[in-house]
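Engineer: Pasting the sequence and the predicted coordinates here, then a few questions.
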Amino acid sequence: MIRYEDIEVTYGDFVAIPQLNLQIEEGEFFTLLGPSGCGKTTALRTLAGFVEPSAGDIYVDGKAVTRLPSDKRRVGMVFQNYALFPSMDVWENIAFGLKVRKVGKSERERLVRDVAHRVDLSETQLEKNLAELSGGQQQRVAIARALVLQPKILLLDEPLSNLDAKLRHQLRGQLKGLQAEFGITTVYVTHDQDEALTMSDRIAVFNTGRVEQVGTLRRSTTPRPPSSSARSSGTAPG
């Protein structure tokens with residue numbers, strides 16, 4: 001579905017990602033995990049088309065998208081700060097991308113109502129200003145705005161980091177449930193190991209621009225550090 005092939009990203013003399021090779025399967029909830037500054041968000045933004053690599057290619061469904069503009073890649077993105085428009089109400093925020101695409105009014109109304117219902121936003125909330133919504137509700141607006149465009153891939157950059165611990169815990173399950181309902185390939189960025197282990201089908205552990213390990217969660221009764229066999233088998237410690 002998604003393939004990073006020898007991707008390199010540089011900023012002047014600084015090499016943010018030296019060489020990234022990674023494959024993400026269709027329908028996966030795939031997480032890029034690591035500390036701040038490790039390259040995970042750069043990798044996500046490169047897939048979105050916001051960062052142009054200095055070398056390598058990105059493929060989606062076997063087709064190179066490296067030089068395609070972001071609006072031609074059929075990706076939806078939810079940013080850490082949601083990037084919503086405070087001057088617009090909830091309905092207008094969700095419908096914004098459809099208007100840019102010149103989707104007809106009746107079809108816009110149908111798509112907005114459908115996606116709002118699926119992310120648990122009520123008719124009353126659609127008429128509200130963003131300032132009247134909680135952090136969790138604003139996050140659902142951001143997700144609805146991404147999903148209403150019917151993307152092939154959903155990209156989420158630390159979407160829970162601005163919420164309190166109780167709400168983060170609650171929304172993990174909702175996010176995973178939405179991903180399963182839509183069946184959409186999802187790439188999720190976080191520095192929170194518990195978050196990654198709770199939600200992901202597979203995890204790539206980033207460090208200084210490199211992927212150190214890729215694998216699935218292994219559950220065990222006795223915690224132990226990753227072994228050489230786990231690294232070679234591609235199974236993440238759990």
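Structural biologist: It's in.
Engineer: Which stretches in this protein count as helices?
Structural biologist: Along the chain, counting by DSSP state H, helices occupy 40-48, 90-100, 105-118, 123-126, 135-147, 165-182, 193-199, 228-233.
Engineer: Give me the contact list for the second one.
Structural biologist: With CB atoms under 8 Å, 6 or more residues apart in numbering as the contact definition, helix 90-100 has outside contacts at 84-85, 88, 107-108, 111-112, 115-116, 121, 125-130, 133, 141, 144-145, 148-149. Any C-beta I mention is one placed from the backbone N, CA and C, and that applies to glycine too.
Engineer: okay, and for this structure, where does confidence drop off?
Structural biologist: 218-238 (pLDDT under 70).
Engineer: Mind doing that once more with 50?
Structural biologist: Applying pLDDT under 50 to the chain flags residues 220-238.
Engineer: just the buried members of the contacts of helix 90-100?
Structural biologist: The neighbour-count test (16 or more other CB atoms under 10 Å) marks 84, 108, 111-112, 115-116, 121, 125-126, 128, 130, 133, 141, 144-145, 148-149 as buried among those.
Engineer: thinking again about what came up before, the helices of the chain: which one's closest to I58?
Structural biologist: Smallest distance to I58 across these (CB to CB): 6.0 Å, for helix 40-48.
Engineer: now the closest one, how far from the chain's geometric center?
Structural biologist: Mean-position distance between helix 40-48 and its chain equals 10 Å (CA atoms, centre = their mean, to the nearest Å).
Engineer: What is it packed up against?
Structural biologist: Packing partners of helix 40-48 (3 or more CB pairs under 8 Å, 6 or more residues apart in numbering; DSSP states H and E): strand 2-11, strand 14-24, strand 29-33, strand 75-78, strand 153-157, strand 185-190.
Engineer: tell me which residues of the longest one are tucked away?
Structural biologist: The neighbour-count check on strand 14-24 (16+ other CB under 10 Å) flags A16, I17, L20, L22, I24 as buried.
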